[in-house]
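Novice: Return a 3D structure for these sequence lines:
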Amino acid sequence: MRTDVLKLKEDGRFNGVHLTPEELELLQHLHEFKSIHARNVHKYYEITSNGKRKGNKVTNRLGKLVASGILFQMNDKEPKREIFRPVNYAYRLGVRGIEVLANQGVFSQEDIESKKKYSYLVNIPTLHNMAINSLFMEVYRLMWERGESFDSLNVRSNRGENHALIDAVSKGRELQPIIPDWIYETDQRIICIEVDSGSQTLGTIENKIARYNLLANKSQKPITVFFSVGLTNGSDGESRSRDRRVASIKETMKESSEWAEGLEIFATPSNRTPKILYKLISRQSTVGRLQMKNKANQWIMHANKNSPAEFTFLISQNELVSQKLIVDDQYELDLLAEIRALGNMKMGVLLFMEEGSVLSYQRARANVKRIVTRVNESTTTSMKASLFLIYENTEAAANDVVALSPKCEIIISSIDEVKAPTRDDGVYRPLVTKVATPFTRSEGNIL
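Specialist: Sure thing, here's the model as predicted:
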């Protein structure tokens, strides 16, 4: 029998009930989101019970919370116009649930009556709001599985309009307001979530990014803007559509753009968002330039160590190529490498990539242009250079949307891949992926 529960007696209005710490936290999430679809409430119980509470067990428990006034179940009486609407009911705080949060110090006793009055105006979440909450739940799941919590990571989360910086800028009318769909704030950064359904024009996206750029100049903390593309995890056709939308958002931001110091932008399909977002929340800092160079050096070191005898991977000393490609700006390459085998040699332009990072994409795009214009078209020798996009792991390498036209050879690899030893047949293990078209890849050898 748990001893860390809040015991509420029958009070003439509602049945008595015991609330666990996890259920008290659920009430706080309901307060933040206003309402949560039943599917995501069920998901929360599955997460916090480590899979022990599912289906009817959760339904029965929610029935008790409704009977005790903690929750209120809302039924959607409107016809189902959206194809992907998964359930037709949701939950908001009940009268007693509001009182419990006030007693827990989430808001003041003076606010109880106004919150009760407002609660009757709360509607079933739209598909857009449900997508925001589903994303929240998946991030929550990743933390829970690792024994972490918002408290242990010192992370605050809330609706965009409730954040102090957004509120101050909106009231001050210094900037045209920009209101994220959701915000996570760590000790190191503010992460603004934009759930993108594809309905906004790219001109609107461009204007939104410009306003975030201005907002970043007003912020004392670095700001990361995260575009999560897509409302549901749908079919392969939908996945391809989301990839194209992600690519369009990335292409909206040109290499010549001047970004505020501390501003980062990510864009990923929605099915990839939770893992990358969790990484940003828990890691607390971004990969700096020296770390990028170190990661590229790790790739060369492991590739050389685990390659067959006839393969060598070395940091390049070729002055001819170095002079043409080493440019000291925010898009500079990380390392130049020489890859040799049996009289064949390839010059590799190495860039360390972060999945979803627009800066990574811009660096890749800028270096394709440099290779084409400074080496392949201008060098009188037969020297050719290939762009190597290096990721931390194979999952990131496989899923990042890199919609570049292969005007030069673009090779995608990861540190994980080159750590693996050579196969018994002597073929070098990382049969790398090459960019065939902006949205297709093919397998091939490094040389």
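Novice: how far away is K434 from K384?
Specialist: Summarising the geometry, the distance separating K434 from K384, computed by C-beta to C-beta, to the nearest Å, is 14 Å. (Each C-beta comes from the backbone N, C-alpha and C, glycine too.)
Novice: Next: M353.
Specialist: With the distance defined as C-beta to C-beta, M353 ends up 21 Å from K384.
Novice: Please say which of the two ends up with more neighbours.
Specialist: Regarding M353 and K384, a neighbour count based on other C-beta atoms under 10 Å identifies M353 as having more, with 26 against 15.
Novice: How about the contacts made by that one?
Specialist: Remark: with contacts taken as C-beta atoms under 8 Å, 6 or more residues apart in numbering, M353 is in contact with S360, R363, A364, L389, I390, Y391, A396, A397, D400, V402.
Novice: change it to 6 Å
Specialist: Taking C-beta atoms under 6 Å, 6 or more residues apart in numbering as the criterion, M353 is in contact with S360, L389, Y391.
Novice: Next up, identify which helix or strand N40 is on.
Specialist: Following DSSP states H and E, the helix or strand that holds N40 is helix 38-48.
Novice: just the angle between the helix or strand following that helix and helix 38-48, please?
Specialist: From helix 38-48 onward toward the C-terminus, using DSSP H and E, the following helix or strand is helix 55-67. Direction vectors for helix 55-67 and helix 38-48, defined by axes from the mean of the first three to the mean of the last three C-alpha atoms, to 10 degrees, enclose an angle of 110 degrees.
Novice: in what helix or strand does the nearest residue to N154 once chain neighbours are set aside lie?
Specialist: Spatial nearest neighbour of N154, excluding adjacent residues (C-beta to C-beta, 6 or more residues apart in numbering): D187 at 5.7 Å. Assigned by DSSP H and E, D187 belongs to neither a helix nor a strand.
Novice: residues near D187, how many?
Specialist: D187: 11 surrounding residues under other C-beta under 10 Å.
Novice: Over to V169?
Specialist: Counted by other C-beta under 10 Å, the residues lying close to V169 total 21.
Novice: what helices or strands is whichever helix or strand E417 is part of leaning on?
Specialist: Remark: E417 resides in helix 415-419, with elements defined by DSSP H and E. Secondary-structure packing of helix 415-419 (3 or more C-beta pairs under 6 Å, 6 or more residues apart in numbering; DSSP states H and E): helix 289-306.
Novice: buried ones in the helix it packs on?
Specialist: For helix 289-306, burial by neighbour count (16 or more other C-beta atoms under 10 Å) applies to M292, K293, K295, A296, N297, Q298, W299, I300, H302, A303, N304, N306.
Novice: helices and strands around it, which ones?
Specialist: Helix 289-306 makes packing contacts with strand 311-315, strand 344-352, helix 415-419 when contacts are defined by 3+ C-beta pairs under 6 Å, 6+ apart.
Novice: what's the closest of the ones you listed to S199?
Specialist: Of all the helices and strands packed on helix 289-306, strand 344-352 sits nearest to S199, with 33.0 Å by C-beta to C-beta.
Novice: If you count contacts, what does that closest one end up packed against?
Specialist: Helices and strands in packing contact with strand 344-352 are listed as helix 289-306, strand 335-341, helix 358-370, strand 385-391; criterion 3+ C-beta pairs under 6 Å, 6+ apart.
Novice: please redo it, this time with the cut-off set to 10 Å
Specialist: When contacts are defined as 3 or more C-beta pairs under 10 Å, 6 or more residues apart in numbering; DSSP states H and E, strand 344-352 packs onto helix 289-306, strand 311-315, helix 319-325, strand 335-341, helix 358-370, strand 385-391, strand 410-414.
Novice: among the ones you listed, which is the most enclosed?
Specialist: Among those, the stretch with the highest mean neighbour count (mean count of other C-beta atoms under 10 Å) is strand 385-391, at a mean of 25.
Novice: Direction included, what does that one pair against?
Specialist: Each strand pairing with strand 385-391, determined using DSSP bridges, is listed with its direction: strand 344-352 (parallel), strand 410-414 (parallel).
Novice: Please list all residues in contact with S322.
Specialist: Contacts of S322 were listed using C-beta atoms under 10 Å, 6 or more residues apart in numbering, and they are S316, L333, L336, M347.
Novice: Ends of stretch 310-321, what's the gap?
Specialist: Across stretch 310-321, the straight-line distance between its terminal residues is 24 Å, by C-alpha to C-alpha, to the nearest Å.
Novice: what's the average pLDDT for it?
Specialist: Confidence over stretch 310-321 (mean pLDDT, whole number) is 79.
Novice: Check stretch 420-432 too.
Specialist: Average pLDDT, stretch 420-432: 64.
Novice: The stretch 51-200 of the chain: helices as residue ranges?
Specialist: Chain-ordered helices for the stretch 51-200 of the chain, with DSSP state H, counting those that start in this stretch as the definition, fall at 55-67, 95-103, 112-119, 127-145, 164-172.
Novice: and D76, which of the ones you listed is closest to it?
Specialist: helix 127-145 (11.7 Å).
Novice: before we move on, the earlier item: can I get the strands paired with strand 385-391 in JSON lines with distance to Q109?
Specialist: Output for the strands paired with strand 385-391, formatted as JSON lines (distance: least, C-beta to C-beta, whole Å):
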{"stretch": "strand 344-352", "distance to Q109": "53"}
{"stretch": "strand 410-414", "distance to Q109": "55"}
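Novice: Fine by me, thanks again.
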